[in-house]
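Participant: Structural data only, the sequence is not supplied:
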């Protein structure tokens, strides 16, 4: 029996659907909330995989696997005009209660504190 999956901490319980122009609704890619979170933190917020792993409270290798899976799914959706549905996964919400901006602000402040 394998180890139980540790919930990945995310800052937002988001459910979204992205439909390409001319895409067919029956062609759907499912992106988990934690896959969305890794894309948001690494590609959008510009964090390293290590910083992302720290925020999600998992190992860097776990973030790397989640990130690679998410990137492949997004590329498949772009190339093959598939709808992306962000929903589900194995995650827990962070305890900041102030949402995504608070989490990113804290991450940026942690980096500034290390330089002081």
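Facilitator: Noted; the coordinates are in hand. In this text, all values refer to a predicted model and were calculated from it rather than measured experimentally.

Participant: Name the nearest residue to the residue nearest the centre of the chain, sequence neighbours excluded.
Facilitator: For the chain, residue 37 is the residue whose C-alpha lies nearest the centre (C-alpha atoms, centre = their mean; 1.7 Å). Distances taken as C-beta to C-beta, 6 or more residues apart in numbering place residue 10 nearest to residue 37, at 4.4 Å, with adjacent residues excluded. Where you see a C-beta, it was placed from the backbone N, CA and C, and this is true even at glycine.

Participant: Quick check: the one you found vs residue 34, distance?
Facilitator: Per C-beta to C-beta, to the nearest Å, residue 10 is found 6 Å from residue 34.

Participant: which residues do the two both contact?
Facilitator: Common contacts of residue 10 and residue 34 (C-beta atoms under 8 Å, 6 or more residues apart in numbering): 56, 91.

Participant: can you pull out the strands in this protein?
Facilitator: Ranges of strands within the chain are 8-10, 16-18, 28-31, 83-86, 91-93, based on DSSP state E.

Participant: so which of these is the most packed in?
Facilitator: strand 8-10 (a mean of 22; mean count of other C-beta atoms under 10 Å).
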